[in-house]
Each structure stands twice: as structure tokens, then as C-alpha cells.
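**Student:** Predicted model and sequence below, questions to follow.
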Amino acid sequence: MTQIDWKNLPFGYFKTDYNVRSYYRNGHWGELEVSSSELITMHMAATCLHYGQEAFEGLKAFRGKDGKIRIFRMDENWKRMNNSARGILMEEVPWELFHDAVLKAVELNEKYVPPFGEGAALYIRPLLIGTGPQVGVKPAEEYLFMVFVGPVGPYFKEGFSPVKMEIVRDYHRAAPRGTGHIKVGGNYAASLVPAHRAHQDGYASVLFLDSAEEKYIDEAGPANFFAIKGNTYITPASSSILPSITNKSLQTIAEDEGMEVDVRPILVEELTDFDEVGACGTAAVISPISTIIDRDTTHGYHFCKDGKVGPVSEMLYTKLRAIQEGEAPDKFGWITFVE
Ligand code: PLP
Ligand code: COI
């Protein structure tokens, strides 16, 4: 294996040695299979290709100073994957299978778990797809659940440095009673055009508004939104955003640090009242936001005076990373060790 430049890894696909797979056929999940192929073969009428029966997850494994590998909150990703499965009528994945698949995929690719202190992690991508054929719009009778992994660096190339985002109203990510709250491919398809435009215009990401009224902040394309006002951590309540496990963890840490947590609809105009704002997610970790431009009004909201990350975002980031990398005790029971 050629030497990996851990410090300069992008967030992207990285070929590793193995992935693991299980097929649901004839009413039951089959044995976990190990594969060294990056390819899957499937029926041309598979429902994932035609009717969007596809859900995925994203979680990370970290190597501590002690050399041990820690997986962060995998039970939450399992619950969310099954919530996604129920939302688009796919077969749910039993806990044992999810657990064994994630651990096996990490163990088999252990050499790709970045060393401690490089600012990188092993990204774990579980995937659940309808593989059985249908031409009428119906759920499949056969499914594939698989897990692949790869080392990654920060999602936004800035890392833990402030990024710029833009509020858009001419595109919606998800409808109020649609699929925004689950992690299915269609939501990401809807975000591709506005995200591409935002990148071309020099923004790290789009900030989507609630699609019913276009008044409230929903979330960034691949991450939740949060704000800090005094001693309060504020994050949107919305039926069309993905319940972020990172956001939930930051709320727990904030409360543990004696902060208030307020989950409620956030009006765009409230941006003028906040001390700090940021995006959070497994891939993004915390991305502090320095500037938000409203594409329609061209109004700008500015944070991070002198380009510096706000103290509360800094504190939350440091505490979260410390738990993930084993530098702080796992007091909330979030870690699974890979033996
Ligand atoms: N929002 C969206 C749309 C996402 O794709 C993700 C990534 O999973 C998140 C938020 C962050 O969620 P989590 O913290 O569970 O990774
Ligand atoms: C994650 O944070 O895990 C994501 O899946 C975000 C993005 C890559 C879709």
C-alpha cells in the first residue's frame, strides 16, 4: 500500500480492501458476505434504480492515542436507517446484522483507520437498497444491505475554519410531509443543482428554508444548522430536516456544560441576534459559519469577527472530538470499541 497522506485527505471515495454485504431474499436476511469487489450487480428493474428505494447512513471510527478504534454512536445510525427503511417501505435491518456488518467492515480495513492526531477518520457508509424488480411503483421483495468504509478528511475543505453559506428560496430540499426527515437519496438529488450553483458562487453550502413558508431556517445541504445566543444553543425544529446525531450530541454536551438548549423554528431575520452560527454533521463535524448571504435580498449576516471561530463553537467542537477520539471519558456511552 502506498503511504496515505492522512493530513490532506479530502472527504471523498477511497478504495479500501473489503466491504460486507447481506441479501434479503425469500423473506429473510442471508449470511454476511465479505467482498473485495467495488461493484454490485443487480436487476435492471431494481426499485433503487427506478423508484428511489435507497437509504444510506454515515458514521465514523476514530483511532485514539491508545491505538484503539472507537465507533461513534452506531446504535443511533441503525435506528435512523430503519426509520428511513420504514419511510420508503424497505425491509428493516436487524441490529445484530447492522452491528456485525459495521464492525467487520472496520476490522477488515483496520489499516485505513487514520492515526490519532491527523484530523482524519474512517468514514463508514451503510447502504440499503431495493434490488428486486418492479415496473409498477411498488416496493421490492429483495434488498441488499452493505457497508463500505474509507478514510476521510473534513467535508468542507476549510476544516474547522469559518465557511460562507447562502440562503436560497428558488430550490427546496424537501417538502413538509415528504422525506426530508429520513436519509434517502432523493433528498440529495434535490439538493444537487442549488449546491452546485452555490459552490460556483464561492459558498461552501446552501442553507435551505422550510418549504411551506420560506421563513424559517431548515438545514444546510449535508448538515444541520445551530446558533449560539448568550448561554443558549438554538437549533431548528422542523419536520423536513434530518435528525442529526451530531446535533443531538452537541445538545447533550451543551446541557452538560450548563447551557440552555432551545429546539424551535428559527426565522431568517433572527440571524441578526445570534453570536455564533454553524453547521454540524458526521462529515462536517462543526463547520463555523462566518457569512450567510440571502440570495434574494442580497442581505449579508456576518459572524466570526476577525475571522475567528466563536468560543462556544470552539468549546463544543473540542469536547465532541475529545469523546470521539478517547481523549475525554465516554460519559454518555457513545463509543463502541473495535477489539
Ligand atoms: N442533515 C443532512 C441532510 C445530512 O445528510 C446529514 C448527514 O448525515 C446531517 C444533517 C448530519 O447528520 P449526522 O450528524 O447524523 O451525520
Ligand atoms: C454525513 O454527514 O455522514 C453525510 O452523510 C453527509 C453527506 C456526505 C451526505
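**Tutor:** That came in fine, so what should we check first? Residues are numbered from 1 along each chain as shown. Ligands and ions are numbered 1, 2, ... in the order given.

**Student:** Could you list the low-confidence segments of this structure?
**Tutor:** For the chain, residues meeting the criterion pLDDT under 70 lie at 1-2.

**Student:** how's it carved up into domains?
**Tutor:** Structural domains assigned to the chain are 6-152, 163-324, following automatic domain parsing.

**Student:** Which one of those lies nearest to ligand 1?
**Tutor:** Ligand 1 sits nearest to domain 163-324 of all the domains of the chain, at 2.9 Å, using CB to the nearest ligand atom. Glycine gets a C-beta too; all of them are placed from N, C-alpha and C.

**Student:** close to ligand 2, is that closest one?
**Tutor:** Yes - Domain 163-324 reaches ligand 2 (CB under 6 Å from any ligand atom) through 222, 281-283.

**Student:** out of those residues, which are inside strands?
**Tutor:** Judged by DSSP state E, the residues of domain 163-324 next to ligand 2 include Gly281 as members of strands.

**Student:** farthest pair in the residues of domain 163-324 next to ligand 2?
**Tutor:** Greatest spatial distance among those (CB to CB): Pro222 and Thr282, at 9.2 Å.

**Student:** before we move on, back to that, ok, which of the domains of the chain comes nearest Asp330?
**Tutor:** That would be domain 163-324 among those, by CB to CB, at 6.1 Å.

**Student:** That closest one: end-to-end distance?
**Tutor:** 23 Å (CA to CA, to the nearest Å).

**Student:** wait, does that domain contact ligand 1?
**Tutor:** Yes - remark: domain 163-324 sits within contact range of ligand 1 at 219, 222-224, 242, 244-247, 281-282, by CB under 6 Å from any ligand atom.

**Student:** sorry, back to before: mind putting the residues of domain 163-324 next to ligand 2 into a markdown table with neighbour count and distance to Gln251?
**Tutor:** Supplementary listing: the residues of domain 163-324 next to ligand 2 in a markdown table, determined by neighbours: other CB atoms under 10 Å; distance: CB to CB, whole Å:
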| residue | neighbour count | distance to Gln251 |
| --- | --- | --- |
| Pro222 | 22 | 19 |
| Gly281 | 21 | 14 |
| Thr282 | 22 | 15 |
| Ala283 | 17 | 19 |
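
**Student:** in the stretch 1-150 of the chain, which spans are strands?
**Tutor:** Counting by DSSP state E, counting those that start in this stretch, the stretch 1-150 of the chain has strands at residues 19-25, 28-29, 33-35, 54-56, 59-63, 69-72, 121-130, 143-152.

**Student:** Run me through the strand neighbours of the second one, direction for each.
**Tutor:** Strand 28-29 sits in its sheet next to strand 19-25 (antiparallel), going by DSSP bridges.

**Student:** how many degrees apart are the partner strand and strand 121-130 in direction?
**Tutor:** Counting by axes from the mean of the first three to the mean of the last three CA atoms, to 10 degrees, strand 19-25 lies at 20 degrees to strand 121-130.

**Student:** Strand 19-25: which residues count as buried?
**Tutor:** For strand 19-25, a neighbour-count test (16 or more other CB atoms under 10 Å) marks 19-24 as buried.

**Student:** Please state the offset of it from the chain centre?
**Tutor:** How far strand 19-25 lies from its chain's middle: 23 Å, per CA atoms, centre = their mean, to the nearest Å.

**Student:** cool, stretch 68-86 as well?
**Tutor:** Remark: stretch 68-86 is offset 11 Å from the chain centroid, using CA atoms, centre = their mean.

**Student:** next one: stretch 166-173
**Tutor:** Its chain's average C-alpha position is 20 Å from that of stretch 166-173, according to CA atoms, centre = their mean.

**Student:** okay, the strands of the stretch 1-150 of the chain in a markdown table with distance to ligand 1 next?
**Tutor:** Shown next, in a markdown table, are the strands of the stretch 1-150 of the chain (distance: least, CB to the nearest ligand atom, whole Å):
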| stretch | distance to ligand 1 |
| --- | --- |
| strand 19-25 | 19 |
| strand 28-29 | 24 |
| strand 33-35 | 25 |
| strand 54-56 | 9 |
| strand 59-63 | 7 |
| strand 69-72 | 10 |
| strand 121-130 | 10 |
| strand 143-152 | 13 |
